[in-house]
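A.B. asks: Have a look; sequence and predicted model below, questions after that.
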Amino acid sequence: MDSKYKLIIDSFGVERFKFNEPLKNFTVLQVGGPAELFFVAFTISELVKIIKMCRQLKLNFFLFGTGSKFCMSDLGYSGLVIKNRTKNIQTISIKGKVTKFGIGVEEAIIEVDSGVSINKFCEYLQSQNLELDLLKDIPGSIGGNLFLNRFLQTKVKSIKVLDQMSEIEDVSVGDLKLGKMIILSAVFRIKAKS
């Protein structure tokens with residue numbers, strides 16, 4: 001086993017990794033050869049830690065979410081493939097009015113991890129009686145879509161990223177740089193259903 005892999009595996013535990021894992025099992029198109037090493041990150045801290053380690057060890061890595069926006073070669077990937085399954089969604093604050101009829105929510109500020117699928121985000125919005133109509137048919141996860149989807153970008157208040165120096169910072173949509181930043185989470189401003 002490569003000594004770089006051993007360092008990473010020892011940090012997380014061997015049971016968290018798979019060797020020569022077929023990537024076709026994780027893509028919508030069901031194509032893709034084996035990943036030399038495969039890992040699923042469930043929390044932002046795990047995601048940050050493993051990416052920092054890969055960068056320090058100069059180990060090739062590839063990060064993806066739901067697998068709806070990429071196609072991997074049947075030859076596979078020489079390096080570590082990280083599946084982003086971060087899953088936190090939380091309402092940070094609400095704006096509204098209190099009347100004699102109760103509390104009327106006008107808008108909610110919600111932080112969502114980058115690995116959350118758009119479908120899961122829509123389920124949350126529905127449960128909170130918030131607008132979701134233009135989101136519900138978008139495939140993929142929050143992280144991948146923030147680079148591509150203009151409608152989703154209009155709902156963003158701020159984005160937490162891991163930059164090329166492995167520093168965590170908050171940026172605006174206009175400051176996002178594909179290939180230079182890894183999205184960790186985003187804060188959305190979502191209106192209540194009318």
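C.D. replies: In hand now; what should we look at?
A.B. asks: measure stretch 111-125 end to end?
C.D. replies: Start-to-end span of stretch 111-125 (CA to CA, to the nearest Å) is 12 Å.
A.B. asks: Buried residues, it. List them.
C.D. replies: Using 16 or more other CB atoms under 10 Å as the test for burial, stretch 111-125 gives 111-122, 124-125. All C-beta atoms are positioned from the backbone trio N, CA, C, and that covers glycine.
A.B. asks: Cross these against helices and list the overlap.
C.D. replies: Within the buried residues of stretch 111-125, residues falling in helices by DSSP state H are 118-122, 124-125.
A.B. asks: What is the nearest of the residues you listed to residue 170?
C.D. replies: Nearest to residue 170 among those, counting by CB to CB, is residue 121 at 19.6 Å.
A.B. asks: what sits against the closest one?
C.D. replies: 89, 112, 132, 135, 142 (CB atoms under 8 Å, 6 or more residues apart in numbering).
A.B. asks: Break this protein down into its structural domains.
C.D. replies: As assigned by automatic domain parsing, the chain contains the domains 3-84, 89-191.
A.B. asks: Throw those domains into CSV and include mean pLDDT, thanks.
C.D. replies: Putting those into CSV (pLDDT from 0 to 100) gives the following:
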stretch, mean pLDDT
domain 3-84, 93
domain 89-191, 90
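A.B. asks: how about the strands in this protein?
C.D. replies: For the chain, applying DSSP state E gives strands covering 17-22, 34-41, 61-64, 77-84, 89-99, 102-113, 156-162, 168-171, 182-191.
A.B. asks: would you turn those into CSV with distance to residue 146?
C.D. replies: Below are the strands of the chain laid out as CSV (distance: least, CB to CB, whole Å):
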stretch, distance to residue 146
strand 17-22, 26
strand 34-41, 17
strand 61-64, 14
strand 77-84, 13
strand 89-99, 15
strand 102-113, 10
strand 156-162, 6
strand 168-171, 11
strand 182-191, 6
